[in-house]
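[1] sequence first, then the predicted structure, then my questions.
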Amino acid sequence: MTSLRAVTVDLGEHSSPTGIMDYLVRDDVLCWVRRGGGLVGFGEVARFTDAGPGRFQTAARWWRELQQDAQVDNPVGLPGTGLVAFGSFAFSKTSGHASRLIVPQVVVGLGEQGCWLTYITDDDGADLTAETAEAALAGWLDEISAERGAETADRLHPGQVSESAFKAAVAAGVEKISGGGLSKLVLARDVIAELSSPIATAQVLRELAIRYQDCWTYGVDGLIGSTPEMLIKVENNVARARVLAGTLDRANTHKIDGESDAAYAERVLAGSEKQQHEHEIAIDSLTRKLEPYTSEMTSHSEPFVLELPNVWHLASDVSAELSTNGGHAPSSLELAEAVHPTAAVCGTPTEVAGALIRELEQMDRGPYAGPVGWTDGAGNGEWGIALRGAVVESPTRVRLYAGCGIVDASTPEAELAETWAKFRPMIEALGLRR
Ligand SMILES: C=C(O[C@@H]1C=C(C(=O)O)C=C[C@H]1O)C(=O)O
């Protein structure tokens, strides 16, 4: 195994109003961005890949061993400094898709407490100073990627799961739920964007990051998107999650005369028994899985309405003190494994829902609905659920994914419409029209 050396340097204040988005200038960036803060990585000095049920554990072991052999000079010491890996994990243990951790050569970070730069190398003789780190970053920024305009020949095609196949799967899912044995099931489908010229990934990421400020915009090795759902975040032994379930389209509203947006969302979403039921199942699944790792957990008794540009969601924020076993708290990677998949993207009970997804969807979800994010050497990290995103399969072919929670009151037409609302962020960022 390569042994790595790293240095983190303090960059002081970053005064630009667009923050870390200023660094989303290359199509090959690794990124994790929210409200102008986050991490952007360039280059690659180490990579881990694996598939199957052991993928999280082999990744965690690889990451631990990499730390043990590494020399890290990190006077900044904040979460996201020192050695960092970006990663994405397949949704399913049966997926052929490679889960991965990637250690970049250069990472720029921006948080509430400042801005920093990390330079990582496998070269024993490299000079680890602020100057070499800054020169490495400047080298990456020297060549920036081109933008592209929307082209009329760009097209959206059906994916592996057509609209009619999706509706049939939803009907079959509702029938299974009514028959007992499971209370919630999440079914998804895909669509393909065929572009007439190569995708400008950095531009897409910038558009998502600007438009979806409350979401986490991710870019990891061709997996791109902007997720509103935080699977697990660990910062200094505190874990946080944002659980979503319950969705209302903002483009096709049926407001009563004079009703405000907020009152409409409150009435139709927060006031809906079906949506509240779906939400309760999702929050229960997260808290149950997280509980064994915590000494204290807080969540609000009522969900709030989260407003995004495309949809409203019922949302709950959970926070928990992590219990330290022998002085060692679980890392973000260990917790991601423990809580994935939640009922927000799989169903309840997990095993029954997972098997039904395989049977009814008939598609490999790949990294869609799996954890995406980053980890540092101290166990901090942020793992979102890879939703509202796409996989860049070739420069001109992008596969978009979206799904919905199915409960006994679900109808195929409404769930199909909901998938279109969830595709919208990517469709618009790609400059496509439906
Ligand atoms: C499955 C997706 O979203 C999930 C399902 C939701 C729902 O059914 O209401 C809401 C948010 C997410 O937890 C997706 O975006 O593809």
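    Here it is on my side, so go on. Residues are numbered from 1 along each chain as shown.
[2] could I get the full set of helices for the protein?
    55-69, 130-141, 163-178, 201-211, 261-265, 273-290, 332-339, 350-361, 412-429 (DSSP state H).
[3] to the ligand, which of those lies closest?
    Minimum separation from the ligand across the helices of the chain (Cβ to the nearest ligand atom) falls at helix 412-429, 4.3 Å. C-beta: built from backbone N, CA, C; applies to glycine.
[4] hey, C-alpha coordinates of that closest one in CSV?
    These are the backbone C-alpha positions of helix 412-429, laid out as CSV (Å, rounded to 0.1, in the frame of the first residue of the first chain):
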residue,chain,number,x,y,z
PRO,A,412,-49.1,5.0,-9.6
GLU,A,413,-49.9,8.2,-11.5
ALA,A,414,-49.1,10.4,-8.5
GLU,A,415,-45.8,8.6,-7.8
LEU,A,416,-44.8,8.9,-11.5
ALA,A,417,-45.5,12.6,-11.4
GLU,A,418,-43.3,12.8,-8.2
THR,A,419,-40.4,11.2,-10.0
TRP,A,420,-40.6,14.0,-12.6
ALA,A,421,-40.5,16.6,-9.9
LYS,A,422,-37.4,14.9,-8.5
PHE,A,423,-35.7,14.7,-11.9
ARG,A,424,-36.2,18.4,-12.4
PRO,A,425,-33.0,19.7,-10.6
MET,A,426,-30.8,17.6,-12.9
ILE,A,427,-32.9,18.1,-16.0
GLU,A,428,-32.7,21.9,-15.6
ALA,A,429,-29.0,21.9,-14.6
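[5] by contact count, what packs against it?
    With contacts defined as 3 or more Cβ pairs under 8 Å, 6 or more residues apart in numbering; DSSP states H and E, the packing partners of helix 412-429 are helix 163-178, strand 184-194, helix 201-211, strand 223-227, strand 238-249, strand 397-406.
[6] is the shortest one positioned near the ligand?
    It refers to strand 223-227. No. Under the criterion of Cβ under 6 Å from any ligand atom, the ligand is not reached by strand 223-227; the shortest gap measures 8.0 Å.
[7] swap in the fifth one?
    Yes. Against the ligand, strand 238-249 shows contacts by Cβ under 6 Å from any ligand atom at 244-247.
[8] so which bits of the stretch 301-434 of the chain are right by the ligand?
    Within the stretch 301-434 of the chain, the positions adjacent to the ligand are 313, 344-345, 387-388, 402-405, 422 by Cβ under 6 Å from any ligand atom.
[9] who wins for neighbours among those?
    For these, the largest neighbour count, defined by other Cβ atoms under 10 Å, is 31 neighbours, found at R388.
[10] how about low-confidence regions in this protein?
    1 (pLDDT under 70).
[11] for the ligand, see how far away the residue lying farthest from the centre of it is.
    Centroid-distance maximum for the chain: D257 at 37.3 Å, with Cα atoms, centre = their mean. Taking Cβ to the nearest ligand atom, to the nearest Å as the measure, D257 falls 27 Å from the ligand.
[12] one step back: deepest-packed of the helices and strands packed on helix 412-429, please.
    Highest mean neighbour count among the helices and strands packed on helix 412-429 (mean count of other Cβ atoms under 10 Å): strand 223-227, with a mean of 27.
[13] list the contacts of it.
    88, 201, 204-205, 208-209, 211-212, 215-218, 367, 372, 384-392, 425-426, 429 (Cβ atoms under 8 Å, 6 or more residues apart in numbering).
[14] ok, A70 - contacts?
    3-6, 83, 377.
[15] roughly how far does A153 sit from S197?
    9 Å (Cβ to Cβ, to the nearest Å).
[16] out of the two, which sits in the more crowded spot?
    S197 (13 against 8).
[17] what is the burial count for the nearest residue to that one once chain neighbours are set aside?
    Excluding its sequence neighbours, the residue lying closest to S197 (Cβ to Cβ, 6 or more residues apart in numbering) is R148, at 5.8 Å. Neighbourhood size, R148 [other Cβ under 10 Å]: 17.
[18] same check on R433?
    11.
[19] got the contact list for it?
    I427.
[20] give me the phi and psi angles of it.
    Main-chain dihedrals, R433, degrees, to the nearest 10: phi -120, psi 150.
[21] before we move on, what about A251?
    Dihedral angles (degrees, to the nearest 10) for A251: phi -80, psi -30.
[22] switch to numbering from 40
    Noted, 40 is the first residue going forward, which turns the last one into A290.
[23] list the contacts of it.
    A290 sits in contact with 349, 460, 463, where contact means Cβ under 8 Å, 6+ apart.
[24] ok, 7 Å please
    A460 (Cβ atoms under 7 Å, 6 or more residues apart in numbering).
[25] kindly provide the distance from it to R463.
    With Cβ to Cβ as the criterion, A290 and R463 are 7 Å apart.
[26] for E330, grab the count of nearby residues.
    Neighbours of E330 using other Cβ under 10 Å come to 11.
[27] for L325, see how far away the closest residue to it other than its chain neighbours is.
    Take E330 and drop its neighbours on the chain: the residue closest to it by Cβ to Cβ, 6+ apart is M336, 6.6 Å away. Distance, M336 to L325, using Cβ to Cβ: 10 Å.
[28] which one of these two has more residues nearby?
    L325 (21 against 14).
[29] the more buried one touches H379, doesn't it?
    No. Using Cβ atoms under 7 Å, L325 makes no contact with H379, being 10.1 Å away.
[30] what's around the residue of the stretch 40-189 of the chain found nearest the ligand, how many residues?
    Nearest residue of the stretch 40-189 of the chain to the ligand: F130, at 10.3 Å (Cβ to the nearest ligand atom). Residues near F130, counting by other Cβ under 10 Å, number 26.
[31] before we move on, the earlier item: dump the residues of strand 277-288 next to the ligand into JSON lines; add distance to G366 as well.
    Listed next are these as JSON lines, based on distance: Cβ to Cβ, whole Å:
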{"residue": "L283", "distance to G366": "34"}
{"residue": "A284", "distance to G366": "36"}
{"residue": "G285", "distance to G366": "40"}
{"residue": "T286", "distance to G366": "42"}
